[in-house]
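Q: Predicted model and sequence follow; I will ask about them next.
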Amino acid sequence: MPEVTLNNGVTIPQLGFGVFQVPPEETQRIVEDALAAGYRHIDTAAAYRNEAAVGAAIAASGIPREELFVTTKLRNGEQGNAREAFQNSRKALGLEVIDLYLIHWPAPSQGLYTQAWQEMERLYAQQQVRAIGVSNFLSAHLDTLLGAAEVVPAVNQIEIHPTFQQQELAARSRSLGIAVEAYSPLGQGADLAEDTVTALAATYGATPAQIVLAWHLGSGTIAIPKSSTPGRMLENLKAAAITLTPAELAAVTALETGSRIGSDPATASHSQL
């Protein structure tokens, strides 16, 4: 599995496994299946309410801790209390150190994300977390954060898939030394039916999902697909063996429509509590 080196030297597997909208009662089984398939990068969040089940799966797997990369995220409603929220996540996961901790949304109407970041910087300085970053941050949010920050975020996790790429934001993040990570990397399945994707899948004898994930990998983006089916988990991992040509990468990039699936970070203010 290829890795991306973050701006502090920490490496992250470029293809991970996400558990957004995975019911807590199913999470342990699904994450155990993902780990058995070969995933070593698991992405969760306090707002998903399945951190404890992710931790149980990690404990049951017997995989050495140093071989795993675990991400979780700070709820919007806990930005004013980031240290306690972090400790609750760490306890739920059963981990001494979290690999990556993200501010889940800027929630700009609260005006708290710089305060949260400064507390996360202290957690990072105390080596309770190996890297800190943000999610759903637009350029304006990054500007505000960096105006008060001592540590540049390691990651900006944003919605990216062939029909919604946020190219300017991704380029700006990278120009600041911030790695770009894609959530909803398959467009929640909708992008898999695009003619360009299905034609490339036929060319490579691959699944459409493998083609889209290969596009992410070839673009230097970290991606966190999810699946509840072991066979599909394995198929998605095999995307790492596909190298699209520059022309093929460009053909997938040309699918941009500007159609967002998730909330707009400029206005999203849900508490997640």
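A: Arrived safely.
Q: what's near enough to touch the residue nearest to residue 76 when sequence neighbours are not counted?
A: Leaving out its chain neighbours, the residue that sits closest to residue 76 by Cβ to Cβ, 6 or more residues apart in numbering is residue 107, at 4.2 Å. In this view, the C-beta of every residue, glycine as well, is placed from N, C-alpha and C. For residue 107, the contact set (Cβ atoms under 8 Å, 6 or more residues apart in numbering) comprises 76, 79, 113, 268, 269, 270.
Q: can you give me phi and psi for the first one?
A: Dihedral angles phi and psi of residue 76 (degrees, to the nearest 10) take the values phi -60, psi -40.
Q: ok, it touching residue 104?
A: Yes: shown here, residue 76 and residue 104 form a contact pair, counting by Cβ atoms under 8 Å, at 6.3 Å.
Q: Need phi/psi at the residue nearest to residue 76.
A: Phi and psi for residue 107, reported as degrees, to the nearest 10, are phi 40, psi 60.
Q: same deal with residue 223?
A: phi -130, psi 140.
Q: so what's residue 273 scoring on pLDDT?
A: pLDDT recorded at residue 273 is 86.
Q: State the distance from the nearest residue to it once chain neighbours are set aside to residue 106.
A: Spatial nearest neighbour of residue 273, excluding adjacent residues (Cβ to Cβ, 6+ apart): residue 77 at 4.0 Å. Using Cβ to Cβ, to the nearest Å, residue 77 is found at 13 Å from residue 106.
Q: Which stretches in this structure count as helices?
A: Taking DSSP state H, the helices of the chain run over residues 24-37, 51-61, 82-93, 113-125, 139-148, 167-175, 195-204, 208-218, 230-237, 246-253.
Q: if we can go back for a sec, only whichever of the contacts of residue 107 are buried, select them in PyMOL.
A: Buried members of those, defined by 16 or more other Cβ atoms under 10 Å, are picked up in PyMOL with:
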select buried, resi 76+79+113+268
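Q: Greatest separation within the contacts of residue 107: which pair is it?
A: Using Cβ to Cβ, the contacts of residue 107 span at most 14.3 Å, a distance reached by 113 and 270.
Q: What residues are bridge-paired with the closest residue to residue 39 other than its chain neighbours?
A: Of all residues not flanking residue 39 in the chain, residue 17 sits nearest, at 4.2 Å (Cβ to Cβ, 6+ apart). Beta-bridge partners of residue 17, counted by DSSP bridges, are residue 42.
Q: Thought residue 222 was touching residue 17, still the case?
A: No: counting by Cβ under 8 Å, residue 17 does not reach residue 222; the two are 11.9 Å apart.
Q: what's the nearest residue to residue 182 if we skip its chain neighbours?
A: residue 160 (3.7 Å).
Q: Now do the contacts for the one you found.
A: Applying Cβ under 8 Å, 6+ apart to residue 160 gives the contacts 166, 170, 180, 182, 183, 184, 185, 216, 221.
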